[in-house]
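K.L.:
Got a predicted model here, sequence first, then my questions.
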Amino acid sequence: MDSVIDNLDLYWDGFQTTLQLTLVSAAFALVLGTFLGACRVSPIPTLRGFGTVYVELLRNTPLTLVFFFFVFVAPQVDLKFPFFTSALVALSLYTAAFVCEAVRSGVNSVGVGQAEAARAIGLTFTQSMAQIVLPQAFRTVVPPLINIFIALTKNSSIAAGFFTTELVAVSIRLTNRFPSDTIVILLGIAACYLAITVPAGILATRLERKVAFAR
């Protein structure tokens, strides 16, 4: 236990970095994923094509490869970011593809009559999406979105292999220093992840109940 207690500052730094990666990437992914979801159901073929290509490309590309591109390839074409920023961009772009599909499924669950009524009163596609369709769609996709963001928390561990000191990077450092305490160190890291994911799961349950009651 001494290896954990004596290095609580490292645990705290890693926890903060993981939490920042999760929250900031989730925010960007939600915005971009919502935009992509709107593109997927847009009446404009170019936008539909763009959304489809983006989702299929990112969703079927290993996240490690996305990290590799922004950390090692992008600097070769003068796109240089700090390692933490590269991790944020990789996680945000990758997660946005999954958010897009969740949002699209929510949009498809909204009755066709809603959009038709919006068009009948003169609303444009953008106005009907923003004011009519998306508010209803988000009610149905709260649980899957929370699950995506929980997966994002765990995916942030890949940043450890790309010079970002988050929880897994801390565990590697400590297990190398205290190999006899590996199990205790890893249990401490697991507890830190649970401190993020368990509250997110509880939040998902409460939001789902509230939304179900509102419907």
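P.N.:
Everything's here; your move. Numbers count the residues shown, from 1 in each chain.

K.L.:
Could you list the low-confidence segments of this protein?
P.N.:
Judged by pLDDT under 70, the chain has its weakly predicted residues at 1-2, 212-215.

K.L.:
Would you map the helices across it?
P.N.:
Counting by DSSP state H, the chain has helices at residues 2-5, 8-40, 45-59, 63-68, 83-109, 112-120, 125-128, 134-140, 142-155, 167-177, 182-214.

K.L.:
Looking at those, spot the one closest to Ala74.
P.N.:
helix 83-109 (7.4 Å; Cβ to Cβ). Glycine gets a C-beta too; all of them are placed from N, C-alpha and C.

K.L.:
now for the closest one, which elements pack on it?
P.N.:
Helix 83-109 is packed against helix 8-40, helix 45-59, helix 63-68, helix 134-140, helix 142-155, with contacts defined by 3 or more Cβ pairs under 8 Å, 6 or more residues apart in numbering; DSSP states H and E.

K.L.:
got the angle between it and helix 142-155?
P.N.:
Orientation of helix 83-109 against helix 142-155 (axes from the mean of the first three to the mean of the last three Cα atoms, to 10 degrees) gives an angle of 160 degrees.

K.L.:
Tell me the buried residues in helix 83-109?
P.N.:
By 16 or more other Cβ atoms under 10 Å, the buried positions in helix 83-109 come out as 84, 86-104, 106-107.

K.L.:
ditto for stretch 9-29
P.N.:
So, applying 16+ other Cβ under 10 Å, buried residues of stretch 9-29: 10-11, 13-15, 17-19, 21-22, 24-26, 28-29.

K.L.:
so Ser156 touches Thr22, yeah?
P.N.:
Yes: the pair Ser156 / Thr22 is scored as a contact, 5.9 Å apart, by Cβ atoms under 8 Å.

K.L.:
State the phi and psi torsions of Thr165.
P.N.:
phi -90, psi 80 (degrees, to the nearest 10).

K.L.:
ok, it - contacts?
P.N.:
13-14, 17 (Cβ atoms under 8 Å, 6 or more residues apart in numbering).

K.L.:
again, 6 Å this time
P.N.:
Going by Cβ atoms under 6 Å, 6 or more residues apart in numbering, Thr165 touches Thr17.

K.L.:
The one 4 residues further on now?
P.N.:
Going by Cβ under 6 Å, 6+ apart, Ala169 touches Ala160.

K.L.:
try the one 5 residues further on
P.N.:
The neighbourhood of Leu174, defined by Cβ under 6 Å, 6+ apart, consists of 7, 185.

K.L.:
From Pro45, how far off is it?
P.N.:
Distance of Leu174 to Pro45, computed by Cβ to Cβ, to the nearest Å: 53 Å.

K.L.:
ok so, going back, so for Pro75, which of the helices of the chain sits nearest?
P.N.:
If we rank the helices of the chain by Cβ to Cβ, the stretch that ends up nearest is helix 83-109, at 9.1 Å.
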